[in-house]
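> missing the sequence, but the structure's below:
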């Protein structure tokens, strides 16, 4: 087991810098060996962060090839824009380095196939850093599902309900922090951002480990909210107020699974709404959970229950979250970012596969191009590839450490850093 | 204008008797001329209700043909089981009598076509008594939509979230009140009960009057909850605990509209859940409404608003509901039943078309067989018939009285009875 993990870090934009500063640089078993960004001020900023924290100066480069060429680097964080993330992960794996990639989607299925193929050929793991999988309510619900208290799971729903125009999309529109999703909203129409909702559901439903996604159907409403928001926020003369956006405002996706379950996803990031929600919903033959009403319900309980989440956390909090909360939440997002990064690093340290592995990463990244194809065909179901090529039927659940999402593992030998 | 409306009433089961007793018999401009049920104790019960209210004894018959043969009857309420409701409405129209039918669906599209055809040939109106269209929140949202405060409508969602096993389905399983949906759940797999959610959405979206439904895709999750509930409620040896139910537990339906809008429906009546909801949701380019969180939101309002429904009722209550509330709610269901029946009766009195007319009734009844076909094909989109045969493009909104659902009409010449 490695005591200290040597990290290469590619991509120091808004999100990359946040995780770098608030999580990675705070972890005692991590050494930032090298950093990379094509934009020199980003590199300077990251160096300054390290300096202020009293950490050693890293190798800094604008050419990512340099990162993969450094032999002592164990793992690479890939926090670049959407395009080319899979390609960088593939290069990292070929260089023998664990690859962590920020949430996002493929543009074409070939990226997903190549990711899996590279994993199978090199044996080097990759992991999508889907922090929602380590959300407290998602982990609690998964624990309750494993305890059988929901009965047989029949349906899950989730959504990414988060108005970007109001909070992010049109901020800094003309500087280097221009939001990476804007161009995609101008040119594409699909569920571009499904993994915050799908990730925890896929884990709960044992996708790729006993279950798999079979078909996907996707439907986009008309668009209109982005143009209107641009007019209101940037003014009628802004080019963004006089542009056609391909993206529909509400994208509804339904996935059917081999076990007969259905999954309902929703992309809802352009039309005005008052609050953020992932609408995480679990339905079983004996009980349910709903984020919208913060209610966990089991058969026989009285009706008309309102918000019993705190009571449920007392009873069913996942041991990982219980421990994490007891030592004090170390960053925003309720610990999700910290825990997803720890999950990756523990895999690197122990030399095991990652809890969100190549098959999961590929299957989740495939949603955007599948959704795009289905929408273009008026909602025709499209096939979800089986990236495991049949192995889902007999793949073991990962029981590697307490960060495992397939079983509830209490592993006291791995303290939370 | 008729001062007194003469009514024939067919079907005095649980729901039929409720509306009969709590609404119709309480209305001063109504005369119950004849009643019909194949089950004599139901007839006796209805006669007793009339007697206790000091109302004249009606003609009572077990043969519905008798009802249509009575010349002075103006309108017939058809509150029988699901099967044959459309056929009775058609007979009623052919006999020159306005027909009101309880909510429900067709089994086959031919029923819908024949309903419309009969309306076009006879000129006699029909109306589905979809009470959810007269729900206070639905009418408020429709008014707000007409005021343009949501901007362009892009998407609506709704569902029928109501666990029947717990509250209704297995009660009185062996007596004459056996729930009418049970057999359908044993033999069919579809959204069998979509109109509580679809009705108000179709009205808000101007379906059949400027807009129309284009395609429908439907997905059923595995079933399991009914068998489990039967075991728990009726015991392991009950035949209902040892039966295969075709109905999936959660049915998700997506409808695309000519205007580019999407509609998301959900049938959720078998798996355990703690509260009733129609999940009525309206999304526009400037604002939204959500029943689940009881929030109405317009762009520019602060974020993180919780339950502002009362405040919104103060500002935007529909004039019909404002008046109704001011004179005192007359029955349960928050006045919905009363108002939907008044809407029908005002049409009869004034000799106008009904606010939920033959085209609406046919289109809404078509959802079940369309959903069944799509589910059977793995979620393939199926065409929603255009029962107006193109007239939707230029049909006028109905401005007949204050019960109109297409415009917000303040009509003081029609007091609420």
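Good, I have the coordinates. Owing to the predicted nature of the structure, the values given are computational and were not obtained by experimental measurement.

> dihedrals phi and psi, the residue lying closest to residue A:75 once chain neighbours are set aside?
Once flanking residues are discounted, residue A:75 sits nearest to residue A:98: 3.8 Å by Cβ to Cβ, 6 or more residues apart in numbering or on different chains. Yep, even glycine has a C-beta here, placed from its N, CA and C like the rest. Backbone torsions of residue A:98, given as degrees, to the nearest 10, read phi -50, psi 140.

> with residue A:63 instead?
The phi/psi pair for residue A:63 (degrees, to the nearest 10) is phi -120, psi 110.

> for residue A:346, give me its contacts.
Residues near residue A:346 by Cβ atoms under 8 Å, 6 or more residues apart in numbering or on different chains: A:400, A:401, A:403, A:414.

> ok, those vs residue A:78, which is closest?
Closest to residue A:78 out of the contacts of residue A:346 is residue A:403 (19.6 Å), distances taken as Cβ to Cβ.

> helix, strand, or coil at that closest one?
coil (DSSP: H, G, I helix; E, B strand; the rest coil).

> how much space separates the residue nearest to residue A:75 from residue A:61?
19 Å (Cβ to Cβ, to the nearest Å).

> what is the mean pLDDT for stretch A:205-215?
Mean per-residue pLDDT for stretch A:205-215: 97.

> my error: substitute stretch A:367-378 in the last question.
98.

> list the buried residues in it.
A:367, A:368, A:369, A:370, A:371, A:372, A:373, A:374, A:375 (16 or more other Cβ atoms under 10 Å in any protein chain shown).

> surely the fourth one touches residue A:380?
No. The criterion here is Cβ atoms under 8 Å, and residue A:370 misses it with residue A:380 at 11.1 Å.

> name the element the residue nearest to residue A:245 when sequence neighbours are not counted belongs to?
Nearest residue to residue A:245 in three dimensions, chain neighbours excluded: residue A:226, at 4.5 Å (Cβ to Cβ, 6+ apart). In this assignment (DSSP states H and E), residue A:226 forms part of helix A:225-234.

> now that helix: average pLDDT?
pLDDT averaged over helix A:225-234 gives 92.

> immediately after it, which helix or strand?
Using DSSP H and E, the first helix or strand after helix A:225-234 is strand A:250-257.

> that older thread, the more surrounded of residue A:98 and residue A:61?
residue A:98 (25 against 19; other Cβ atoms under 10 Å in any protein chain shown).

> the worst-scoring helix or strand of chain A on mean pLDDT vs chain B: in contact?
Lowest by mean pLDDT, DSSP states H and E among the helices and strands of chain A is helix A:164, with a mean of 84. No. Using Cβ under 8 Å from any Cβ of the partner chain, helix A:164 stays clear of chain B, coming no nearer than 13.0 Å.

> contacts for that helix?
A:179, A:181, A:269, A:270.

> one more time with 10 Å
Residues outside helix A:164 that contact it (Cβ atoms under 10 Å, 6 or more residues apart in numbering or on different chains) are A:170, A:171, A:179, A:181, A:182, A:185, A:193, A:225, A:226, A:229, A:269, A:270.

> and of those, the nearest to chain B?
residue A:225 (4.4 Å; Cβ to the nearest Cβ).

> in the helix or strand hosting residue A:48, which residues are buried?
Remark: residue A:48 resides in helix A:40-52, with elements defined by DSSP H and E. Within helix A:40-52, the residues that count as buried by 16+ other Cβ under 10 Å are A:42, A:43, A:46, A:47, A:49, A:50.

> average pLDDT for the helix or strand just after it?
Remark: after helix A:40-52, the chain's next helix or strand is strand A:59-61, criterion DSSP H and E. Per-region confidence: strand A:59-61 scores 98 on mean pLDDT.

> neighbouring contacts of strand A:59-61?
Looking at what lies outside strand A:59-61 - Cβ under 10 Å, 6+ apart - the contacts are A:8, A:10, A:12, A:32-38, A:40, A:42-44, A:46-47, A:50, A:66-67, A:69-70, A:73.

> follow-up on the earlier one: isn't the residue nearest to residue A:245 up against residue A:247?
Yes. Counting by Cβ atoms under 10 Å, residue A:226 touches residue A:247, with 6.9 Å between them.

> intersection of neighbour lists for the two?
In contact with both residue A:226 and residue A:247: A:182, A:185, A:186, A:269, A:270, using Cβ under 10 Å, 6+ apart.

> is it true that the third one lies in a helix?
Yes. When three-state DSSP is applied, residue A:186 is found to be in a helix.

> which residue ranges of the stretch 251-400 of chain A form strands?
For the stretch 251-400 of chain A, the strands defined by DSSP state E, counting those that start in this stretch cover A:262-268, A:281-284, A:287-290, A:295-298, A:382-383.

> I'd like these as a markdown table, with distance to chain B and mean neighbour count appended.
Formatted as a markdown table, the strands of the stretch 251-400 of chain A follow (distance: least, Cβ to the nearest Cβ, whole Å; neighbours: other Cβ atoms under 10 Å in any protein chain shown):
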| stretch | distance to chain B | mean neighbour count |
| --- | --- | --- |
| strand A:262-268 | 4 | 25 |
| strand A:281-284 | 5 | 25 |
| strand A:287-290 | 5 | 26 |
| strand A:295-298 | 4 | 21 |
| strand A:382-383 | 10 | 16 |
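
> out of those, nearest to residue B:315?
strand A:262-268 (25.1 Å).

> what's the angle between the closest one and strand B:262-268?
140 degrees (axes from the mean of the first three to the mean of the last three Cα atoms, to 10 degrees).

> tally of neighbours for residue A:25?
18.

> excluding its backbone neighbours, what's nearest it?
residue A:53 (5.4 Å).

> average pLDDT for stretch A:185-194?
For stretch A:185-194, mean pLDDT rounds to 96.

> what's the end-to-end length of it?
With Cα to Cα, to the nearest Å applied, stretch A:185-194 spans 14 Å between its terminal residues.

> kindly report the same for stretch A:380-389.
23 Å.

> report pLDDT for the residue lying farthest from the centre of chain A.
Most distant residue from the mean C-alpha position of chain A: residue A:237, 36.1 Å away (Cα atoms, centre = their mean). Residue A:237 is assigned 95 on the pLDDT scale.
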